[in-house]
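Q: Mind looking at a prediction? Sequence and model below.
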Amino acid sequence: MHYHFIAIGGSAMHNLAIALHKKGEKVTGSDDEIFEPSKSRLSKLGLLPEKEGWHFEKITTDIDAIVLGMHAKKDNPELLKAQELGLKIFSYPEFLYEQTKNKKRVVIGGSHGKTSTTAMILHVLQHCNIKFDYMVGAQLDGFDTMVGFSNESDIAIFEGDEYLTSPIDPRPKFHLYKPHIALVTGIAWDHINVFPTFENYVWQFEEFTKLIEPNGDLVYYSGDKNLATIANKFAYNKTPYTEHSNIVKNGITYLTTELGKEYPLEIFGKHNLENLNGAKIVCEKLGVSKKAFYESIQSFSGASKRLQVLAQNNTTTVFLDFAHSPSKLKATVDAVKTQFPEKKIIACMELHTYSSLNKDFLIQYKGCMDKADKAIVYYSDHAIELKRLEKIEKKFVYESFDKEGLKVITEQNELKDELKLMDYYNSILLLLSSGNFSGVELKSFAEELLNN
């Protein structure tokens, strides 16, 4: 089969292109700009377009199907040509469903924790030598790509993102997967540009549960009242979960289990322990024993950018975390403070997404950094301009977070200077963002901070 990718350079899209190439399919693609690491990964396999831009002449009847990425626009010349020729056009989630429509599909959704939970399930299944197709929203240790297909598998594990499907399909991605088993981690308002009210956002998750296959399973975090209300309406099999029982000894979290044994973990935090318990239930439904799950999960170190250690010395650790939404930010700061109560917690958060840079949404961050000993919020005026949003004054950000001593910074050099001058003895530094603080190479910068 010949697949052509419109917007091949995206994080998800280039991973899918690579997965299909490794499966033996013919893959071509286009994009108007491709950044690292996508560029090098595509180039290594001969999949990098010869030149950037959109080239409608590439679109011919020799192509079996188009895969359309979110980065493209409705008036994309290649898309218009494909429509004119009547070619089959798949969005990313449509394509995943098409590849797995005869398999048992597991979909993990939720406003927070879906990547980590999906990663836990994949880690355990791989450790137990169970074959599976998959898609996850981060790079994982032991996996070459973020998406993969196997001719030997009869199950598929997908992270279920609630964002829009494609430029020509406004449905949330997770509405297209039709799972046999669905897990939902919780609901906290996000993507204000797409879901303008919290009620509208919650409704997307209710619709998701209605799309579970007949006699399917819903696994859900019972501590979320909106999610519990949705679950009460679910007609088939439902399993609630909360945080897995655990104890912390000398900075290490141990699972306390019904098997009469404690299992040490490399991860920590209330949300991670909730996610782990949800992952355990799903794995059991897929035939994994409790003992096999516990033995496998011990070596799980987390997904990329989820409390990822960037640098460390005898007294200090620098973590990178994807926590950009209010619920994620609060959960991460609270978890680190609980795990390291004797350490000074320095939290540096970047407002980067459309929602976080929206004045109407900023009040949602109130109290999210309260457990940090020192807190910094960074944002770029340029990022606001690119998203065509109303300018935000520093005072407004300060008042929205309502954190005493909060420092608000809008210039990258000022932020770097501020961090370089800090005393990191007996501290945890949290770098919290879905971006990179306007282009900072974060790992080398973290190492520089600890070597000062």
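A: On my side now, so go ahead.

Q: Show me where the protein has its helices.
A: Using DSSP state H, the helices of the chain run over 11-22, 38-44, 77-85, 92-100, 114-127, 198-210, 225-232, 270-285, 290-297, 326-339, 381-386, 394-401, 412-420, 442-451.

Q: Could I get the ones you listed in TSV, plus columns for distance to S356, mean neighbour count and mean pLDDT?
A: The way it works is simple: take the backbone N, C-alpha and C, and place the C-beta from them, glycine included. Listed next are the helices of the chain as TSV, based on distance: least, C-beta to C-beta, whole Å; neighbours: other C-beta atoms under 10 Å; pLDDT from 0 to 100:
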stretch	distance to S356	mean neighbour count	mean pLDDT
helix 11-22	19	22	95
helix 38-44	24	16	96
helix 77-85	30	17	98
helix 92-100	24	20	97
helix 114-127	18	25	97
helix 198-210	15	17	96
helix 225-232	21	16	97
helix 270-285	19	23	97
helix 290-297	32	18	98
helix 326-339	9	22	92
helix 381-386	10	14	90
helix 394-401	10	16	97
helix 412-420	16	15	97
helix 442-451	18	16	95
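
Q: C368: which of those helices is closest?
A: Among the helices of the chain, helix 326-339 comes nearest to C368, with 4.2 Å by C-beta to C-beta.

Q: From the chain's centroid, how far away is that closest one?
A: The gap between where helix 326-339 is centred and where its chain is centred comes out at 16 Å by C-alpha atoms, centre = their mean, to the nearest Å.

Q: can you state the direction angle for it and helix 270-285?
A: 100 degrees (axes from the mean of the first three to the mean of the last three C-alpha atoms, to 10 degrees).

Q: just checking, what packs against helix 326-339?
A: Helix 326-339 sits against helix 270-285, strand 316-321, strand 344-350, strand 427-432, with contacts defined as 3 or more C-beta pairs under 8 Å, 6 or more residues apart in numbering; DSSP states H and E.

Q: Take the ones you listed and lay them out in CSV including distance to A235.
A: Converted to CSV, the helices and strands packed on helix 326-339 look like this (distance: least, C-beta to C-beta, whole Å):
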stretch, distance to A235
helix 270-285, 18
strand 316-321, 37
strand 344-350, 41
strand 427-432, 39
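
Q: And those: which comes nearest E36?
A: Across the helices and strands packed on helix 326-339, E36 has its closest neighbour in strand 316-321 (16.9 Å, C-beta to C-beta).

Q: Quick one: list the elements packing against the closest one.
A: In this structure, strand 316-321 packs against strand 308-312, helix 326-339, strand 427-432, helix 442-451, with contacts taken as 3+ C-beta pairs under 8 Å, 6+ apart.

Q: Using TSV, please lay out the ones you listed together with distance to K233.
A: Output for the helices and strands packed on strand 316-321, formatted as TSV (distance: least, C-beta to C-beta, whole Å):
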stretch	distance to K233
strand 308-312	38
helix 326-339	23
strand 427-432	35
helix 442-451	43
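
Q: Isn't V107 up against K173?
A: No. Using C-beta atoms under 8 Å, V107 is not in contact with K173, being 9.8 Å away.

Q: Touching both of those two, which residues are there?
A: G160 (C-beta atoms under 8 Å, 6 or more residues apart in numbering).

Q: Make a markdown table from the helices of the chain and add distance to L310 to it.
A: Below are the helices of the chain laid out as a markdown table (distance: least, C-beta to C-beta, whole Å):
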| stretch | distance to L310 |
| --- | --- |
| helix 11-22 | 20 |
| helix 38-44 | 21 |
| helix 77-85 | 39 |
| helix 92-100 | 30 |
| helix 114-127 | 18 |
| helix 198-210 | 32 |
| helix 225-232 | 33 |
| helix 270-285 | 18 |
| helix 290-297 | 24 |
| helix 326-339 | 14 |
| helix 381-386 | 22 |
| helix 394-401 | 24 |
| helix 412-420 | 12 |
| helix 442-451 | 4 |
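
Q: re earlier: mind checking which of the helices and strands packed on strand 316-321 is nearest H112?
A: Closest to H112 of the helices and strands packed on strand 316-321, according to C-beta to C-beta: helix 326-339, at 4.8 Å.

Q: I'm done for today, thanks for sticking with me.
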